[in-house]
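Student: only geometry, no sequence info:
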């Protein structure tokens, strides 16, 4: 779930001539930023050197190491690290972005989790690229605003390039449609009511 009162689409779309921004936010643990993300960024930079990459969150040692490796591999690549951002301020770093990314490496924990950042990207009207995490794939199987790559940087980067090549108006249309859908299904109060209803049913009719 997510906080729909905080994560909302921008009232005014970013200017059409603004450089494209690929954004990620989170705790930047080891499985968040690995070879998939590194290869994807290098591929995108090679094809679209105008793209900026933004990492929103605390600069962990893993993030610092990742950025150093990517900059060494791709001289001139534009990478922005915001440092720690309070939860309430995260949306403002997303709303002027173009594509949200979830480049998680494969792990048992990643497949079991329902990654909230994908929901928050969609809620802000962003299109998304994610690795094929089982819970996300299951829930968003019919959602056109999120695309699932393989567990490799080439396919992940290809999906980013495809989103960037799409006309901004069409991308925005898909993102806004997804934002309305997640607001109807995944807002915390809605999920809380479903959880209460489920608990009461079990209590009234125990197996």
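Tutor: Structure received. These numbers were taken from a predicted model, which means no experiment stands behind them.
Student: And for residue 1, the neighbour number?
Tutor: By other CB atoms under 10 Å, the residues close to residue 1 number 17. Where you see a C-beta, it was placed from the backbone N, CA and C, and this is true even at glycine.
Student: ok, now how distant is it from residue 191?
Tutor: Per CB to CB, to the nearest Å, residue 1 is found 4 Å from residue 191.
Student: Over to residue 206?
Tutor: Residue 206 is 23 Å from residue 191, by CB to CB.
Student: neighbour count winner among those two?
Tutor: Using other CB under 10 Å as the criterion, residue 206 and residue 191 rank with residue 191 on top: 13 against 6.
Student: Pull the contacting residues for the more buried one.
Tutor: By CB atoms under 8 Å, 6 or more residues apart in numbering, the contact set of residue 191 is residue 1.
Student: That one belongs to a strand, doesn't it?
Tutor: No: Residue 191 is assigned helix when assessed by DSSP: H, G, I helix; E, B strand; the rest coil, not a strand.
Student: Confirm that residue 28 lies within a strand, as I assumed.
Tutor: No: checked against three-state DSSP, residue 28 lies outside a strand; its state is coil.
Student: which residue packs closest to it, ignoring adjacent ones?
Tutor: Closest residue in space to residue 28, ignoring its immediate chain neighbours: residue 63 at 4.2 Å, by CB to CB, 6 or more residues apart in numbering.
Student: elements contacting the helix or strand containing residue 55?
Tutor: Per DSSP states H and E, residue 55 falls inside strand 52-56. Judged by 3 or more CB pairs under 8 Å, 6 or more residues apart in numbering; DSSP states H and E, strand 52-56 is in contact with strand 21-25, strand 78-81, helix 90-94.
Student: Identify each buried residue in the helix or strand of the chain with the lowest mean pLDDT, please.
Tutor: One helix or strand of the chain scores below all others by mean pLDDT, DSSP states H and E: helix 108-112, with a mean of 71. By 16 or more other CB atoms under 10 Å, the buried positions in helix 108-112 come out as residue 110.
Student: which residues make contact with it from outside it?
Tutor: By CB under 8 Å, 6+ apart, the residues outside helix 108-112 that reach it are 31, 104, 131, 133-135.
Student: picking that back up, neighbouring strands of the strand holding residue 55 in the sheet, and parallel or not?
Tutor: In the sheet containing strand 52-56, its partner strands are strand 21-25 (parallel), strand 78-81 (parallel), by DSSP bridges.
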